[in-house]
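>>> Next come a sequence and a model predicted from it.
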Amino acid sequence: MSVLVATDIHKRFGTVEVLKGVDLSIQKGEIVSIVGPSGSGKSTLLHILGTLDKPDRGQVMLNNANVTALTGKKLAQFRNHHIGFVFQFHHLLPEFSALENVCIPGWMAGTKKQVVKDRAVELLGLLGLSHRLDHKPNAMSGGEQQRVAVARALINNPDILFADEPTGNLDSANARELHQLFFDLRKNFGQTFLIVTHNEELAQLSDRTVHMKDGKILDASAVA
Ligand SMILES: Nc1ncnc2c1ncn2[C@@H]1O[C@H](COP(=O)(O)OP(=O)(O)OP(=O)(O)O)[C@@H](O)[C@H]1O
């Protein structure tokens with residue numbers, strides 16, 4: 001089953017054509033990496049697929065919903081329920097504990113407080129952070145902070161987790177640990193991942209690597 005199907009995605013910033021007709025489909029439970037030179041359009045593509053930006057042309061279907069057509073409150077609601085995001089920098093809220101940071105998107109989605117809390121505790125446990133529930137972000141290491149960000153991205157059981165250089169700010173031991181966690185999450189929850197990365201090790205571990213160059217996907221295997 002395809003979780004994501006993107007067809008003929010085009011995007012231009014001013015006179016620069018950044019995406020020149022990208023087709024990509026991702027199956028449920030797949031871990032796919034997007035690699036390519038700086039400026040080839042990886043982040044732009046990820047933002048469009050994750051509904052953070054709109055294409056000029058083309059269509060993104062997520063879980064059989066045409067998200068390109070969604071706007072305003074409907075789009076925000078869809079994003080909160082169906083999409084998880086992890087960035088290079090964790091963007092945790094400094095005044096809240098790890099547990100609260102993970103719970104907030106669940107509370108915003110209107111899920112019962114206790115249900116959200118139980119899942120947050122479970123996720124943080126799975127990510128090796130049971131002893132850090134009440135810690136604020138600045139009392140945790142970089143690797144721990146990024147794992148809290150992953151738990152937060154997963155709190156609403158998203159159909160797909162998009163990650164933009166998730167280990168770009170981590171040392172190699174912490175990066176390796178986070179990569180392993182992605183595979184554990186796939187094993188335990190069937191979680192689907194699309195990851196932009198410069199990390200060769202992560203790209204090689206992935207089920208599939210999509211190569212981008214000059215706004216296009218090079219691989220014939222991009223559509224599974
Ligand atoms: N909001 C924007 N306004 C103008 N130009 C932009 C904008 N976002 C991206 N670009 C341009 O689009 C091109 C592709 O950028 P993008 O960030 O998608 O590349 P990338 O492959 O992710 O690069 P990197 O590996 O360095 O992060 C670049 O030339 C960039 O300057």
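Cool, got the structure.
>>> dump the residue contacts of the closest residue to Lys20 other than its chain neighbours.
Counting by CB to CB, 6 or more residues apart in numbering, Gly215 is the residue found nearest to Lys20 once chain neighbours are left out, at 4.1 Å. Quick note: C-beta positions are derived from backbone N, CA and C, even for glycine. Contacts for Gly215 (CB atoms under 8 Å, 6 or more residues apart in numbering) come out as 17-20, 22, 40-41.
>>> Give the members of these that are also in contact with the ligand.
18, 40-41 (CB under 6 Å from any ligand atom).
>>> Of these, keep whichever come out buried.
Neighbour counting by 16 or more other CB atoms under 10 Å classes 18, 40-41 among the ones next to the ligand among the contacts of Gly215 as buried.
>>> Reformat those as JSON lines; add distance to Ala109.
Output for these, formatted as JSON lines (distance: CB to CB, whole Å):
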{"residue": "Val18", "distance to Ala109": "32"}
{"residue": "Ser40", "distance to Ala109": "34"}
{"residue": "Gly41", "distance to Ala109": "31"}
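>>> In strands only, show me the contacts of Gly215.
Members of the contacts of Gly215 lying in strands (criterion: DSSP state E): 17-20, 22.
>>> Out of these, which end up buried?
Buried among the ones in strands among the contacts of Gly215 by 16+ other CB under 10 Å: 18-19, 22.
>>> Dump those to a markdown table, plus pLDDT.
Shown next, in a markdown table, are those (pLDDT from 0 to 100):
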| residue | pLDDT |
| --- | --- |
| Val18 | 97 |
| Leu19 | 98 |
| Val22 | 97 |
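>>> now, which of these sits nearest the ligand?
The closest of those to the ligand turns out to be Val18 (CB to the nearest ligand atom; 4.0 Å).
>>> With Phe193 as the reference, measure out to the residue most central in space within the chain.
Per CA atoms, centre = their mean, the C-alpha nearest to the average position across the chain is that of Phe162, at 1.7 Å. Noted for Phe162: a distance of 8 Å to Phe193, by CB to CB, to the nearest Å.
>>> contacts for stretch 201-210?
Contacts for stretch 201-210 (CB under 8 Å, 6+ apart): 24, 30-35, 167, 175-176, 179, 183, 195, 197, 217, 219, 221-222, 224.
>>> and stretch 133-147, how far from the chain's centre?
Its chain's C-alpha centre and that of stretch 133-147 lie 19 Å apart, by CA atoms, centre = their mean, to the nearest Å.
>>> can you pull the buried residues of it?
133, 135-137, 140, 143-147.
>>> just stretch 118-128 next, same as before
Buried residues in stretch 118-128 (16+ other CB under 10 Å): 119-121, 123-124, 126-127.
>>> Make JSON lines from those residues and add distance to the ligand and pLDDT to it.
Below are the buried residues of stretch 118-128 laid out as JSON lines (distance: CB to the nearest ligand atom, whole Å; pLDDT from 0 to 100):
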{"residue": "Arg119", "distance to the ligand": "32", "pLDDT": "96"}
{"residue": "Ala120", "distance to the ligand": "31", "pLDDT": "98"}
{"residue": "Val121", "distance to the ligand": "34", "pLDDT": "98"}
{"residue": "Leu123", "distance to the ligand": "28", "pLDDT": "95"}
{"residue": "Leu124", "distance to the ligand": "29", "pLDDT": "97"}
{"residue": "Leu126", "distance to the ligand": "29", "pLDDT": "92"}
{"residue": "Leu127", "distance to the ligand": "26", "pLDDT": "93"}
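>>> Please consider this matter closed, and thank you.
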